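Enquirer: Next come a sequence and a model predicted from it.
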Protein chains: 2
Amino acid sequence: MNISMAADKKVEQITDMEADFTKWYTDVCTKAELIAYSSVKGLLILRPYGYAIWENIQAELDRRFKETGHQNVCMPLLIPESLLQKEKDHVAGFAPECAWVTLGGSETLEERLCIRPTSETLFCDHWHNILHSWRELPLLYNQWCSVLRWEKTTRPFLRHREFLWQEGHTLHATAEEAIRETERQLETYADLCENVLAMPVLRGYKTDKEKFAGAVRTYTIECMMHDRKALQSGTSHYFGTGFAEAFDITFADKENKPAYPHQTSWGLSTRVIGGVIMTHGDSSGLVLPPKIAPIQVVVLPVAQHKPGVAEKAGELVSRLRAAGLRVKGDFSDNSPGWKFAEYEMKGVPLRIEIGPRDIAAGHCVCVRRDSGEKQTVSLDAIETRATELLQAVHRGLYARAKSNLDAHSYTARTVEEVKDIVNNGGGFIKTMWCGEPGCELTMKEKAGVTSRCIPFDQARTGEACPVCGKPAETAVVWGAAY
Amino acid sequence: MNISMAADKKVEQITDMEADFTKWYTDVCTKAELIAYSSVKGLLILRPYGYAIWENIQAELDRRFKETGHQNVCMPLLIPESLLQKEKDHVAGFAPECAWVTLGGSETLEERLCIRPTSETLFCDHWHNILHSWRELPLLYNQWCSVLRWEKTTRPFLRHREFLWQEGHTLHATAEEAIRETERQLETYADLCENVLAMPVLRGYKTDKEKFAGAVRTYTIECMMHDRKALQSGTSHYFGTGFAEAFDITFADKENKPAYPHQTSWGLSTRVIGGVIMTHGDSSGLVLPPKIAPIQVVVLPVAQHKPGVAEKAGELVSRLRAAGLRVKGDFSDNSPGWKFAEYEMKGVPLRIEIGPRDIAAGHCVCVRRDSGEKQTVSLDAIETRATELLQAVHRGLYARAKSNLDAHSYTARTVEEVKDIVNNGGGFIKTMWCGEPGCELTMKEKAGVTSRCIPFDQARTGEACPVCGKPAETAVVWGAAY
């Protein structure tokens, strides 16, 4: 073994997650090589390993969108200021965060152009031009792109000035159909989170204060991170006919009378990768759910200079790939200790070790990333067993996240109770609420939590609003949030 | 049949392609619903049908890139002006076409930011930060994104201010390896054009005047359109160490001494869709090569109100889909005439008609979009036969395009001969060339053609430069170009 080579590579150390969760998070993002910082504040680089995770999420979502009849399109990057201003609530929400193009080549533009912070206005402008008849409805569109929001503070995946996402935009003949679409797409996101990312979700809709600028109703899924804070992981909006009226989008209905279509939009972004890191990660680094892991299995030959070891390990790689798994064999001359640490840091769900003794015994050793559990597996059965172990890792991750969610979901009847829960580490706290924005604001001021959602599960926790004491009909879940 | 419904849909008329090729082209782009215009000049909307073509091209290229070890990444959208200026030839080439962001939210930026016209500077800035050792080389990166160039004139697919593309960027330890990569990626593009898009290519490299800003050498593939003009369809650049020196990118070589890596980049854009339209299209509209057609087969029931017809047609759709084809069944009540025209306009490679008589006889009628050839096919054999017919359409399209290329590829010894060829409709004209930029310019002024490439095939066509008469060692292909 070439000593100088091994010396090139040192095991990266990360901050203890219990001591400083924020620094642990940033360490994982950079040391697992998910992101790098660029020369422009708030604009990040998704490195190959980070981008591969996004590609796997994209493939999962895109397949679901297409199965339900959605079509991908590409809208322009830039929005003229006059277009952005057509829907008043929308522009009020987004204008403060816009980046503006004022020069094109050597000419000063007559009208400045905003880099899209979201594309409702662009879709509406297009639909105004193409929609004629009820026969063309519904229009079910989606776009994969990046958007820009000029935020003050930034944090990898959770808050970038530029971030990647998909934004779905649809038009329907009736309110009922549009609301069904909004709910269906929320369910698509919930399915992605639970069955692909192993993240249990809380489903609900936002209060007026927290809803999307221009929406009638915003549906949300909220996930609980390891530190018990909430992450809004996907949202779906029903717009009614507000944008259609502002953009003069009409269609001839079955009686040949002009009518406004009902609209939805829904988005999920690279933010969800931050959610995966903060839900499943541990003190050794990233832990990836198998369905989105760029490398699902890493095969590490032990004492690979001995006759037959590299060959047998290579054969294992080929067999597992042929079984449809994403597999890497590491035949470099880095030390076994470095390799173990490296693939733990990168969150590879399953590690397979194979050395001369294993080969002689006709088996290999499989190590689960989630639990560290080791088991000896017969080489004859490795395809089936590796696939089963990956499924077990998914279930293990989901179960652990669900325990965290269940253990830290509370109900409270007074602001004092909410404060006590927050002071004991917090979580998702359900209370009744009178519906007044003032009480929502007071809760934030006094207990430091915001309304995460009005959950679909409206089982009552009491009779009165904990803030004003008036009768309350609505249950709300509160929490600290990213 | 509901008359008012059929009346909703009228057969779209397009300009005769021989009378006005430019207008025919724009008609096809809009009436086949590939694109729509947006509120910002030069920024186009890719509609579902147009974007689906791009998705199919993406899938074909992305698979090839990954098979050769390339990894996708995501670089920022914005480039600080100081970064763009680091490589002098590069900034001179791109600065006049940049769109500039000068305001972020409510603050005027201290340094203005350019929307990427191409990302060499961003990759170099990142590599400066991450590259250390020869062990990390080669770095084989690719990015799928849109770029912005503030051009004066715009034309669907061929020249947008914003366009979609992929840009590959790689670093290598040696010049030889980097040049091999540059040539390999040109071959990947040639393979895409010939074997996927059915467009024969001319391979070569650009003269200094035509090469990419900052490149040592630019390789190109040039395709001949129906009107005999050239379309540059993909380029691959070798940069030497110019950018590495400007951005101070070094690595420790095997002797542990600092060295500059050798760099390449290569790009292919939605422009190639314009090439597909202008190569294969005809007076009925678009003609799509089967491998990228969003709908490869359309099944049209004839007299579908008669018992069993819709069922049998639906069964055909299912069977062909199960065979892996992209199939649409049109069961709408639009007239057969409208349907024929619609799917011809959209360039669907194969149409299958099935009515009561066909069903009774146990067959259906297959009509090829490229040749209009009809044949009766036994229902038992439809999966195999449809697949074969799609392959035949690909071969038919390629053969027709190759005939056009061969019939209009000329050699010339004098400027007068070049002018004569141009006046007779033009094509690809090969002459010798002394290598002087002045002669290149004179050729353009006198004959209206630019150098398309210095072809790999350097078979001599004479001894002297047709412009200055001096001895010439290099053969050049000239032509009018998009």
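Expert: Perfect, thanks for sending it.
Enquirer: which strands and helices sit next to the host helix or strand of A:Leu103?
Expert: Using DSSP states H and E, A:Leu103 maps to strand A:99-104. Here strand A:99-104 touches strand A:107-115, strand B:99-104, strand B:107-115, going by 3 or more CB pairs under 8 Å, 6 or more residues apart in numbering or on different chains; DSSP states H and E. Just so you know, the C-beta spots here come from the backbone N, C-alpha and C atoms, and that holds for glycine as well.
Enquirer: Pipe the ones you listed into JSON lines and attach mean neighbour count and mean pLDDT per row.
Expert: Listed next are the helices and strands packed on strand A:99-104 as JSON lines, based on neighbours: other CB atoms under 10 Å in any protein chain shown; pLDDT from 0 to 100:
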{"stretch": "strand A:107-115", "mean neighbour count": "17", "mean pLDDT": "95"}
{"stretch": "strand B:99-104", "mean neighbour count": "21", "mean pLDDT": "96"}
{"stretch": "strand B:107-115", "mean neighbour count": "17", "mean pLDDT": "95"}
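Enquirer: Need these in a markdown table (columns: distance to B:Glu33).
Expert: A markdown table is the format used below for the helices and strands packed on strand A:99-104 (distance: least, CB to CB, whole Å):
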| stretch | distance to B:Glu33 |
| --- | --- |
| strand A:107-115 | 26 |
| strand B:99-104 | 28 |
| strand B:107-115 | 28 |
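Enquirer: And those strands: which comes nearest B:Ile179?
Expert: strand B:107-115 (29.7 Å; CB to CB).
Enquirer: What is the distance between that closest one and the centre of its chain?
Expert: The chain centre lies 33 Å from the centre of strand B:107-115; the measure is CA atoms, centre = their mean, to the nearest Å.
Enquirer: So what touches the helix or strand encompassing A:Asp420?
Expert: Using DSSP H and E, A:Asp420 sits within helix A:415-423. By CB atoms under 8 Å, 6 or more residues apart in numbering or on different chains, the residues outside helix A:415-423 that reach it are A:410, A:412, A:427, A:429, A:431, A:442-443, A:446-449, A:466-467, A:478, A:480.
Enquirer: With respect to chain B, which of those residues is nearest?
Expert: A:Ala480 (25.3 Å; CB to the nearest CB).
Enquirer: Okay, domains of chain A per the record?
Expert: Following the assignment in automatic domain parsing, chain A carries domains at A:21-280, A:290-396, A:409-479.
Enquirer: Do a quick rundown of the strands in the stretch 251-400 of chain A.
Expert: Here the stretch 251-400 of chain A has its strands, by DSSP state E, counting those that start in this stretch, at A:251-252, A:258-259, A:262-269, A:297-301, A:327-329, A:350-354, A:363-368, A:374-378.
Enquirer: Filter the contacts of helix A:415-423 down to the buried ones.
Expert: Among those, those classed as buried by neighbour count (16 or more other CB atoms under 10 Å in any protein chain shown) are A:410, A:412, A:427, A:429, A:431, A:442-443, A:447, A:449, A:466-467, A:478, A:480.
Enquirer: tell me how far stretch A:48-55 is from the chain's mean position?
Expert: The answer for stretch A:48-55 is 13 Å, by CA atoms, centre = their mean.
Enquirer: actually stretch A:116-127, sorry about that
Expert: Stretch A:116-127 sits 23 Å away from the centroid of its parent chain (CA atoms, centre = their mean).
Enquirer: just stretch A:53-66 next, same as before
Expert: On CA atoms, centre = their mean, the centre of stretch A:53-66 falls 12 Å from the chain's centre.
Enquirer: what's the burial count for whichever residue of the stretch 151-300 of chain A sits closest to chain B?
Expert: Residue nearest to chain B within the stretch 151-300 of chain A (CB to the nearest CB): A:Glu162, separated by 5.4 Å. When neighbours are defined as other CB atoms under 10 Å in any protein chain shown, A:Glu162 has 22 of them.
Enquirer: which phi and psi does it have?
Expert: Dihedral pair for A:Glu162: phi -110, psi 130, per degrees, to the nearest 10.
Enquirer: Might you report the residue contacts of it?
Expert: A:Gly42, A:Leu43, A:Leu44, A:Ser146, A:Val147, A:Leu148, B:Pro76, B:Leu77, B:Leu78 are the contacts of A:Glu162 under CB under 8 Å, 6+ apart.
Enquirer: Out of these, which one has the weakest pLDDT?
Expert: Least confident entry in the contacts of A:Glu162, by pLDDT: A:Gly42, with 89.
Enquirer: From chain B, how far out is that one?
Expert: 9 Å (CB to the nearest CB, to the nearest Å).
Enquirer: now swap in A:Leu84 and tell me
Expert: Distance from A:Leu84 to chain B, by CB to the nearest CB: 11 Å.
Enquirer: Could you do A:Thr30 as well?
Expert: 11 Å.
Enquirer: For that residue, which non-adjacent residue is closest in space?
Expert: Counting by CB to CB, 6 or more residues apart in numbering or on different chains, A:Ala36 is the residue found nearest to A:Thr30 once chain neighbours are left out, at 7.1 Å.
Enquirer: circling back: make JSON lines out of the strands of the stretch 251-400 of chain A and add mean pLDDT, mean neighbour count and distance to A:Asp191.
Expert: Shown next, in JSON lines, are the strands of the stretch 251-400 of chain A (pLDDT from 0 to 100; neighbours: other CB atoms under 10 Å in any protein chain shown; distance: least, CB to CB, whole Å):
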{"stretch": "strand A:251-252", "mean pLDDT": "98", "mean neighbour count": "18", "distance to A:Asp191": "31"}
{"stretch": "strand A:258-259", "mean pLDDT": "98", "mean neighbour count": "12", "distance to A:Asp191": "33"}
{"stretch": "strand A:262-269", "mean pLDDT": "98", "mean neighbour count": "26", "distance to A:Asp191": "11"}
{"stretch": "strand A:297-301", "mean pLDDT": "97", "mean neighbour count": "26", "distance to A:Asp191": "25"}
{"stretch": "strand A:327-329", "mean pLDDT": "98", "mean neighbour count": "20", "distance to A:Asp191": "26"}
{"stretch": "strand A:350-354", "mean pLDDT": "98", "mean neighbour count": "23", "distance to A:Asp191": "24"}
{"stretch": "strand A:363-368", "mean pLDDT": "98", "mean neighbour count": "20", "distance to A:Asp191": "24"}
{"stretch": "strand A:374-378", "mean pLDDT": "97", "mean neighbour count": "12", "distance to A:Asp191": "30"}
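Enquirer: Out of the ones you listed, flag the one nearest B:Gly274.
Expert: Of all the strands of the stretch 251-400 of chain A, strand A:262-269 comes closest under CB to CB, at 30.7 Å.
Enquirer: Could you pull up phi and psi at the residue nearest to A:Pro138 when sequence neighbours are not counted?
Expert: In this structure, A:Pro138 finds its nearest non-sequential neighbour in A:His172, 4.7 Å apart by CB to CB, 6+ apart. The phi/psi pair for A:His172 (degrees, to the nearest 10) reads phi -140, psi 160.
Enquirer: So what sits opposite A:His172 in the bridge?
Expert: A:His262 (DSSP bridges).
Enquirer: Near it, how many other residues are there?
Expert: Each residue near A:His172 was counted by other CB under 10 Å, and the total is 21.
Enquirer: before we move on, what about A:Ala19?
Expert: 9.
Enquirer: Secondary structure element holding it?
Expert: Using DSSP H and E, no helix or strand contains A:Ala19.
Enquirer: Against A:Cys453, how distant is it?
Expert: Shown here: A:Ala19 relative to A:Cys453, a distance of 31 Å by CB to CB, to the nearest Å.
Enquirer: What of A:Asn423?
Expert: As defined by CB to CB, A:Asn423 lies at a distance of 23 Å from A:Cys453.
Enquirer: Also A:Phe243?
Expert: 23 Å.
Enquirer: cool, A:Glu222 as well?
Expert: According to CB to CB, A:Glu222 stands 6 Å off from A:Cys453.
Enquirer: intersection of neighbour lists for these two?
Expert: Between them, A:Glu222 and A:Cys453 share the contacting residues A:Leu202, A:Gly204, A:Val477, judged by CB under 8 Å, 6+ apart.
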